[in-house]
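> my questions concern the predicted model and sequence given below.
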Amino acid sequence: MYGYAGKMLFVDLTSKTYEIREITEDLAKNYLGGPALGAKILYDEMPPHTDAFDEKSMIGFVSGPANAAGVVMGGRYTVVSKSPVNNRFNDANSGGDFGPTMRRSGFDAIFVKGIADKPVYLYINNGAVEFKDAAAVWGKPTLETEQIIRNELGQENICVALIGPAGENLSHIAAVMNDGHRAAGRGGSGAVMGSKKLKGIAVYGNQKIEVADREKIRSITKEITDYTKGSGAQQFSAMQQYGTPLSYETLVSINNTAIKNFFGIPEELTDEMKQSLSLPPKDAAYKQRSYGCNACIIKCGAFYDIPNGKWPLKHAGRPEYETFGAFGSMLLNADFESIVMCNHMCNEFGFDTISAGATIAWAMHCYNEGVLSKEELDGIDLRWGNSDAIVELLRKMGAAEGVGKILLAGSVAAAEHFGKGNQYLGVAGGIEMPQHDPRFAPGLARTYKYDPTPARHVKGGYGPAQGFALPEVKYDYENKGQGDVEGVIHQEIINAGGFCMIADGNVFQNHSVPVRLLNAITGFAYDEHSKANLGVRSYTIRHAFNLREGMRRKDFDISPRMIGKPPMEEGANAGVTVDVEKLADSFFQALHWHVETAVPTKEALAAVGGLEQVANDLYPIDRKDAV
């Protein structure tokens with residue numbers, strides 16, 4: 001079979017045994033890889049209503065066919081599990097070299113269940129599997145752990161997906177880290193690894209992925225090159241130079257990026273603060289070199305050296321856009337070097353930067369409104385913009401020390417612990433909001449609330465770009481369903497295929513490129529009809545996992561203030577209340593699902609195909625109606 005290593009590894013940490021299974025062509029063709037294949041395996045293999053930290057709970061590391069296939073922008077893999085935040089399906093996407101290296105080691109995916117009796121890590125070397133003692137690295141930060149494992153194995157070219165202290169402490173905002181600076185960050189998958197006493201998975205291999213049509217890949221690659229040197233050159237060059245923070249200053253100025261926990265407006269940022277947060281002069285001062293993920297021609301990452309000041313750092317990763325928002329304007333913090341330090345600390349502790357910054361923003365908001373006292377915050381003066389306090393609170397969270405032990409569970413759990421502050425939460429499905437305001441780009445409200453993995457800016461739909469439409473267009477909620485579904489289809493294929501979403505517009509000249517590349521890799525020959533079914537099937541299997549847990553439309557939630565209930569009184573989003581339910585009605589109608597329950601109809605499942613087990617579970621033979 002073209003485009004695949006052809007094997008999946010299933011590990012049981014309790015018994016320290018493993019099983020190798022082949023991927024059938026039907027499974028590959030119907031689900032590709034990434035979150036779609038991961039959701040299918042968890043749906044089939046993980047018992048319903050299993051707690052995220054239970055012995056039977058599974059976590060999967062799933063590549064896509066673009067990984068290691070010799071195509072540009074094909075370096076993304078996905079971690080799938082249940083989220084400890086909400087006990088729903090969770091997928092988190094990461095770049096770097098781990099996904100392609102896992103495929104070269106002999107496996108398209110690795111699934112782990114069970115709980116080890118003591119800390120372990122897995123070592124996969126060209127199909128050989130070993131259980132290794134992790135006692136020497138348990139408790140250590142991620143960068144040091146990676147190097148210790150490389151030294152122990154005597155192999156510098158391995159890749160490791162691992163957790164830091166945050167995951168070991170079962171933080172609900174713990175990420176799975178790889179390649180030093182890359183994170184499968186959202187939903188607490190790092191805590192699932194920690195609950196299994198699994199410090200990491202190290203992979204190495206030199207096996208080759210055979211593709212169906214190498215000449216076609218070369219032809220498409222030339223088209224891409226021509227685009228990045230022609231009509232797309234300006235955007236491509238800007239992304240190369242500044243990476244994802246490229247748009248930070250602009251998005252803050254128009255009230256898209258969060259200010260003061262999504263309660264603030266751009267006018268609260270002084271000219272001095274804006275100048276301090278401006279990226280170009282800081283890049284000129286601190287940037288040492290660029291770096292990129294596997295098969296990336298942009299190389300949007302950068303290493304910084306900050307030689308002096310309160311937080312000197314060497315070879316630290318430049319924060320991404322989301323991190324600049326979460327630790328910058330979200331906290332009214334204009335201390336640029338503190339943001340770099342917080343990013344570095346999150347990488348070392350293994351925190352999701354979005355949720356870590358948002359959790360501190362919640363605590364800061366509570367403190368400034370008199371809801372939380374200085375004593376409740378271990379004496380920290382958490383006034384808006386106090387960078388010393390921000391860094392210290394994050395340190396406490398990473399060390400699980402004092403109030404940090406409360407906050408590392410995330411903002412919702414912290415509000416429950418203190419019994420107050422719910423009015424300052426900004427979450428969907430219990431997960432902290434990304435740095436794109438749904439009041440500015442209202443289509444995101446449907447995505448944030450109703451995607452099977454909520455509060456994600458990297459899921460399909462209308463997305464952040466919708467915010468730049470005219471108000472009479474973007475706040476018109478009629479007949480948006482079909483366009484919303486088309487956005488879902490495209491993004492599901494990007495994620496399942498193992499592509500980077502930044503490729504859209506910056507590298508890929510149009511939405512046809514990923515499917516054309518997938519056809520050349522696999523030989524599956526997706527046409528427009530089968531492409532649509534592929535995307536809808538991917539969304540549906542992720543959603544079906546939650547339906548099997550008993551969820552229905554009424555169980556999906558978003559903080560009312562994040563959709564303008566009540567509306568803001570000032571700023572670009574003043575007076576806006578997003579009708580997320582009308583958007584959802586239109587979306588589910590376009591999918592031909594039951595609108596009231598968000599359950600797919602039997603006819604819709606049959607039309608998409610490949611979802612027979614879901615149909616059997618939702619519509620048992622002795623029942624006529626949806627469960």
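In hand now; what should we look at? Numbering: from 1, shown residues only.
> got the CA positions of stretch 180-194 in PDB?
Extracted C-alpha coordinates of stretch 180-194, given in PDB (Å, rounded to 0.1, in the frame of the first residue of the first chain):
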ATOM      1  CA  GLY A 180      12.200  21.000  22.100                       C
ATOM      2  CA  HIS A 181       9.700  23.700  21.100                       C
ATOM      3  CA  ARG A 182       6.800  21.900  19.500                       C
ATOM      4  CA  ALA A 183       3.700  21.000  21.500                       C
ATOM      5  CA  ALA A 184       0.500  19.000  21.100                       C
ATOM      6  CA  GLY A 185      -0.800  21.400  23.600                       C
ATOM      7  CA  ARG A 186      -4.600  21.500  23.900                       C
ATOM      8  CA  GLY A 187      -6.900  19.500  26.200                       C
ATOM      9  CA  GLY A 188      -4.500  18.000  28.700                       C
ATOM     10  CA  SER A 189      -3.100  15.000  26.700                       C
ATOM     11  CA  GLY A 190       0.200  15.400  28.600                       C
ATOM     12  CA  ALA A 191      -1.700  14.600  31.800                       C
ATOM     13  CA  VAL A 192      -3.000  11.300  30.200                       C
ATOM     14  CA  MET A 193       0.700  10.300  29.600                       C
ATOM     15  CA  GLY A 194       1.500  11.300  33.200                       C
END
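> what's in contact with stretch 579-586?
Stretch 579-586 is contacted by residues 438, 442-443, 445-446, 449-450, 477-481, 484, 553, 558, 563, 595, 598 when judged by C-beta atoms under 8 Å, 6 or more residues apart in numbering. For glycine as for every other residue, the C-beta is placed from the backbone atoms N, C-alpha and C.
> those residues in helices, which ones?
Here DSSP state H is the test, and these give 443, 445-446, 449-450, 481, 484 as lying in helices.
> circling back: for PyMOL, write the selection for the buried entries among the contacts of stretch 579-586.
Buried subset of the contacts of stretch 579-586, written as a PyMOL selection, criterion 16 or more other C-beta atoms under 10 Å:
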select buried, resi 438+442+443+445+446+449+450+477+480+481+484+553+558+563+595+598
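> tell me the phi and psi of Gly34?
The phi/psi pair for Gly34 (degrees, to the nearest 10) reads phi 50, psi -140.
> my guess is it meets Val62, correct?
Yes. Shown here, Gly34 and Val62 form a contact pair, counting by C-beta atoms under 8 Å, at 5.5 Å.
> where does the one residue sitting closest to the centre of the chain fall, helix, sheet strand or coil?
Per C-alpha atoms, centre = their mean, the C-alpha nearest to the average position across the chain is that of Ala92, at 3.9 Å. Following DSSP: H, G, I helix; E, B strand; the rest coil, Ala92 is assigned to strand.
> ok, the ones in helices among the contacts of stretch 579-586 vs Gly402, which is closest?
Closest to Gly402 out of the ones in helices among the contacts of stretch 579-586 is Lys449 (33.8 Å), distances taken as C-beta to C-beta.
> so which residues of the stretch 401-550 of the chain form strands?
Counting by DSSP state E, counting those that start in this stretch, the stretch 401-550 of the chain has strands at residues 427-428, 431-432.
> so which of those strands is nearest Thr145?
Across the strands of the stretch 401-550 of the chain, closest to Thr145 is strand 431-432 (C-beta to C-beta), at 25.8 Å.
> chain center to that closest one, what's the gap?
Offset of strand 431-432 from its chain centre (C-alpha atoms, centre = their mean, to the nearest Å): 12 Å.
> one more: stretch 501-518?
The answer for stretch 501-518 is 19 Å, by C-alpha atoms, centre = their mean.
> end to end on that stretch, go ahead and measure it.
End-to-end distance for stretch 501-518: 15 Å, by C-alpha to C-alpha, to the nearest Å.
> buried residues, it. List them.
501-509, 511, 513-518.
> which element is Val112 on?
strand 109-113 (DSSP states H and E).
> in its sheet, which strands sit next to that strand, and in what direction?
Within its sheet, strand 109-113 is paired with strand 7-12 (parallel), strand 59-62 (antiparallel), according to DSSP bridges.
> okay, now the domains of this structure?
Listed domain ranges for the chain are 7-204, 242-427, 443-618 (source: automatic domain parsing).
> format the ones you listed as TSV; extra columns: distance to Phe236 and mean pLDDT.
Compiled in TSV, these are given as follows (distance: least, C-beta to C-beta, whole Å; pLDDT from 0 to 100):
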stretch	distance to Phe236	mean pLDDT
domain 7-204	12	98
domain 242-427	7	97
domain 443-618	6	97
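> just those domains: most buried one?
Ranked by mean neighbour count, the domains of the chain are led by domain 7-204 with a mean of 23 (mean count of other C-beta atoms under 10 Å).
> end-to-end on that domain?
Terminal-residue distance, domain 7-204 (C-alpha to C-alpha): 15 Å.
> ok, stretch 414-423 next?
With C-alpha to C-alpha as the measure, stretch 414-423 spans 13 Å from end to end.
> can you put the strands paired with strand 109-113 in a markdown table and add distance to Asn308?
Output for the strands paired with strand 109-113, formatted as a markdown table (distance: least, C-beta to C-beta, whole Å):
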| stretch | distance to Asn308 |
| --- | --- |
| strand 7-12 | 46 |
| strand 59-62 | 40 |
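> so what's the nearest residue to Ser15 once chain neighbours are set aside up against?
Leaving out its chain neighbours, the residue that sits closest to Ser15 by C-beta to C-beta, 6 or more residues apart in numbering is Gly114, at 6.7 Å. Gly114 makes contacts with 11-15, 55, 196, as judged by C-beta under 8 Å, 6+ apart.
> now do His592
600-601, 603-604, 607 are the contacts of His592 under C-beta under 8 Å, 6+ apart.
> recalculate using a threshold of 7 Å.
By C-beta atoms under 7 Å, 6 or more residues apart in numbering, His592 lies in contact with 601, 603-604.
> need phi/psi at Leu425.
Per-residue torsions, Leu425: phi -80, psi 140 (degrees, to the nearest 10).
> you'd agree it is up against Ser411?
Yes. Between Leu425 and Ser411 there is a contact under C-beta atoms under 7 Å: 5.6 Å.
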